[in-house]
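Colleague: output the structure for:
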Amino acid sequence: MTGVPPGVRILPYSRVVGQDELKLALELNHVLPRIGGVLMAGPRGTAKSTLVRAFALMAHGELPVTLPINATDDRVLGGWDLDALIRGEARPQPGLLEDAADKGMLYIDEVNLLDDHLVDIILDVVSTGVLSVQREGFAAARHLSFGLVGTMNPEEGGLRPQLLDRFGMMVTAGQLDASDRYRLIRTVLDFEEELARPDSEWLAAARRDDAALRDRLAAARRRVADVAVPDDVLWLCGEAADRTEAVGQRGEIVATLAARALAALEGADRVGPGHVLRVLPMALRHRRPETTHGGTFDWGPEDQARVKDLFEA
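Modeller: Purely as a prediction, here's the structure:
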């Protein structure tokens, strides 16, 4: 594991128990960053941060660039190096967004507590792929591409509907059942014990599994542009968005992109209805009227019933 500071212990991604929807969202966004980022919502202690960091290590070989809650505009966007200015030198200093482009991922923990205008700027860069800075005698533009992941605990406050919509996909961290709780405890204990063994086969097997998934994700990224998207799939995405009363048009576009990424990940040559059905909750849950007005993020039986007949052969 490269990029891990000494003393930091991160459970391998392939050994994280449960939270399959969160994992899928991270993987799809990695395959096709145009999806526009992943917002993870859930109560404390549901492994959101652990999962994000484990994924970054698996996919990029290092921890993600993490945006602190008290970050300033200069720290995020870049500007002048203050120490150099004191010496009379005008030297640009890259911001965290450029660091994220170099390392592959930007992680915002407790994104709902970050200043709204910074969230809006970051989401705009993810959407357009361009960072344009013009301030205090500093002007620069750079094409950037990175995976964006934000986590939040709804109990501590929400995001404005406009910002919710700017996140491509949203997933909710669920509580584990008794069986998964047992597996989680067993995995954590095994991990801590194996760290003390210099030639741990358990850790070696986990690294092999992580490497295999990394290769699979890289292959999907290479081929996603060649995956065909038939007109009937476009109609399904549009109709599903209409039936769930998704606000705006970003939902059906994200659903199409996510379905294409899923097809690429599964090795399919074309997107099918099954791919669309699987990604709909991630693309539409945060764009329903009840959600934008402070309702629950859950995608329940009523939501599924609205679109069920569209996918029945």
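Colleague: now do the contacts for Val125.
Modeller: Going by CB atoms under 8 Å, 6 or more residues apart in numbering, Val125 touches Leu97, Leu131, Leu144. From N, CA and C alone the C-beta is placed, and that goes for glycine too.
Colleague: so which of those would you say is closest to Ala196?
Modeller: Distance to Ala196, by CB to CB, is smallest for Leu97 among these, at 38.5 Å.
Colleague: so that closest one touches Leu123, yeah?
Modeller: No: in this structure Leu97 lies outside contact range of Leu123 using CB atoms under 8 Å: 11.3 Å.
Colleague: between these two, which is the more surrounded one?
Modeller: Leu97 (24 against 21; other CB atoms under 10 Å).
Colleague: the more buried one sits in which helix or strand?
Modeller: In this structure, Leu97 sits in helix 96-103 according to DSSP states H and E.
Colleague: and after that helix, which helix or strand comes next?
Modeller: Past helix 96-103, the next helix or strand by DSSP H and E is strand 105-108.
Colleague: quick one, helices of the protein?
Modeller: 20-31, 48-60, 73-77, 82-86, 96-103, 116-128, 161-166, 178-194, 201-223, 231-243, 250-265, 273-284, 289-292, 301-307 (DSSP state H).
Colleague: tell me which of those lies nearest to Thr172.
Modeller: Between Thr172 and those, the tightest spacing by CB to CB is seen for helix 20-31, at 7.5 Å.
Colleague: report the buried residues of the closest one.
Modeller: Glu21, Leu22, Lys23, Leu24, Ala25, Leu26, Glu27, Leu28, Asn29, His30, Val31 (16 or more other CB atoms under 10 Å).
Colleague: what helices and strands are in contact with it?
Modeller: With contacts taken as 3 or more CB pairs under 8 Å, 6 or more residues apart in numbering; DSSP states H and E, helix 20-31 sits against strand 38-41, helix 48-60, strand 147-152, strand 169-172, helix 201-223, helix 250-265, helix 273-284.
Colleague: angle of it against helix 273-284?
Modeller: What separates the directions of helix 20-31 and helix 273-284 is an angle of 90 degrees, with axes from the mean of the first three to the mean of the last three CA atoms, to 10 degrees.
Colleague: neighbouring contacts of helix 20-31?
Modeller: Identification of contacts with helix 20-31 by CB under 8 Å, 6+ apart yields 13, 16, 35-38, 40, 48, 51-52, 55, 59, 147-149, 168-169, 171-174, 217, 220-221, 224, 258, 261-262, 264-265, 278-279, 281-282.
Colleague: pick the most deeply packed of the helices of the chain.
Modeller: Mean neighbours per residue, mean count of other CB atoms under 10 Å, is largest over these for helix 250-265, with a mean of 25.
Colleague: rounded mean pLDDT for that one, please.
Modeller: Averaged across helix 250-265, the pLDDT comes to 96.
Colleague: same check, this time on stretch 57-67
Modeller: 91.
Colleague: got the contact list for it?
Modeller: 1-5, 8, 10, 12-14, 30, 52-53, 56, 76, 96, 99-100, 103-109, 114, 122, 146-147, 149, 210, 213-214, 217.
Colleague: need the distance between the two termini of that stretch.
Modeller: 17 Å (CA to CA, to the nearest Å).
Colleague: can you name the residues bridging to the one residue sitting closest to the centre of the chain?
Modeller: The centre of the chain sits closest to Val38, judged by CA atoms, centre = their mean, with a distance of 3.2 Å. On the basis of DSSP bridges, Val38 is bridged to Val149, Met169.
Colleague: my read: it touches Leu148, true?
Modeller: Yes: using CB under 8 Å, Val38 is in contact with Leu148, at 7.2 Å.
Colleague: so what sits against both of the two?
Modeller: Shared contacts of Val38 and Leu148, counting by CB under 8 Å, 6+ apart, come down to Asn29, Phe167.
Colleague: now Ser132: how far from Gly95?
Modeller: As judged by CB to CB, to the nearest Å, Ser132 and Gly95 stand 12 Å apart.
Colleague: next one: Glu290
Modeller: Relative to Gly95, Glu290 is positioned 37 Å away (CB to CB).
Colleague: where does the stretch 51-200 of the chain have low pLDDT?
Modeller: Residues of the stretch 51-200 of the chain meeting the criterion pLDDT under 70: 79-93, 133-140.
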